[in-house]
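Asker: What follows is a predicted protein model with its sequence.
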Amino acid sequence: MDFGYMIYALPRLLPGLWVTIEVSAISLALALIIGVTLGASRSFMTMRNPLAWPLDGYVWLVRCTPIIVQIYAAYLLLPKAGIRLDAFWVGVIALTFNSVGYQIEIARAAIQSVGKGQLEASLSLGLSQRQAVWLVIMPQALKRMIPGITNEMSHLVKASSVLSVITVLELHKVASNLQIQSFKFLELLALQALLYLPLILGMSRLASYLEHNVFAFEGTRPHTEEVR
């Protein structure tokens with residue numbers, strides 16, 4: 001291991017790390033807004049609802065196709081539709097498309113885990129179904145979503161490395177460019193791991209703080225998602 005080269009290369013990787021944080025944060029924010037809204041709607045739909053099948057098909061498509069295929073699809077199909085964007089924003093769209101499929105299921109599972117009596121009691125007090133969902137059910141479901149959302153945050157950060165295939169200058173792409181120039185493959189792989197680790201750990205700690213301090217509702221238990 002050439003530690004001297006690692007010290008030299010570290011500051012050159014930081015701009016790529018910042019792009020990784022940016023693309024992951026924007027994608028997560030958009031996916032949360034879209035996914036939680038669609039997941040809340042799906043949790044109250046029956047299979048007779050004409051929107052249930054398209055939503056389930058979308059979730060199935062996201063979960064059954066590799067993210068690299070989704071990234072290439074966004075990169076190649078958007079220009080054919082007359083939408084020409086910088087590679088960074090194509091990456092945001094691809095990551096958001098992928099994450100929404102998981103956020104829908106996280107939100108749906110969390111909402112459906114809240115007892116039906118909560119909804120029935122809210123309706124009996126004169127609230128509309130929409131008011132009952134957003135004012136009574138959602139505050140309780142939010143805590144149960146946190147473990148799944150945390151898992152999705154870490155997934156997005158790691159998945160952002162695949163955006164290197166469409167020339168987004170995130171951490172992995174910058175490191176790959178340096179590897180081509182220097183042939184210091186092991187050193188640069190180690191640096192990438194060292195930069196990803198505190199980022200993922202920091203998000204996990206933040207989620208734990210939110211779960212136990214901000215969303216500490218009585219009688220709720222977090223719903224966990226399988227780590228991908």
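Answerer: Received it, and whenever you're ready, just let me know what you need. All values derive from a computational prediction rather than experimental measurement.
Asker: Output the contacting helices and strands for the longest helix belonging to the chain.
Answerer: Counting by DSSP state H, the longest helix found in the chain is helix 3-43. Helix 3-43 sits against helix 52-64, helix 87-112, helix 138-159, helix 171-182, helix 185-209, with contacts defined as 3 or more Cβ pairs under 8 Å, 6 or more residues apart in numbering; DSSP states H and E. Any C-beta I mention is one placed from the backbone N, CA and C, and that applies to glycine too.
Asker: Which strands or helices does the longest one pack on?
Answerer: In other words, helix 87-112. Packed next to helix 87-112, using 3+ Cβ pairs under 8 Å, 6+ apart, are helix 3-43, helix 52-64, helix 67-80, helix 138-159.
Asker: and the very next helix or strand once past that helix, which residues are buried?
Answerer: Beyond helix 87-112 on the C-terminal side, the first helix or strand identified by DSSP states H and E is helix 116-124. Buried positions in helix 116-124, judged by neighbour count with 16 or more other Cβ atoms under 10 Å: Leu119, Ser122.
Asker: for stretch 65-79, same thing?
Answerer: Under the neighbour-count criterion of 16+ other Cβ under 10 Å, stretch 65-79 has Ile67, Gln70, Ile71, Ala74, Tyr75, Leu78 buried.
Asker: Please identify which pair of these lies farthest apart.
Answerer: Ile67 and Leu78 (16.2 Å; Cβ to Cβ).
Asker: Just give the number of residues close to the closest residue to Pro15 other than its chain neighbours.
Answerer: The spatial neighbour of Pro15 that comes closest, neighbours along the chain excluded (Cβ to Cβ, 6 or more residues apart in numbering), is Val174 at 6.8 Å. Neighbour count for Val174, taken as other Cβ atoms under 10 Å: 22.
Asker: Could you do Ile34 as well?
Answerer: Ile34: 16 neighbours (other Cβ under 10 Å).
Asker: What of Ile83?
Answerer: Neighbours of Ile83 (other Cβ under 10 Å): 12.
Asker: residues touching Leu186, list them.
Answerer: Shown in contact with Leu186 (Cβ atoms under 8 Å, 6 or more residues apart in numbering): Met1.
Asker: From Tyr5, how far out is it?
Answerer: 10 Å (Cβ to Cβ, to the nearest Å).
Asker: go on, Gln181?
Answerer: 11 Å.
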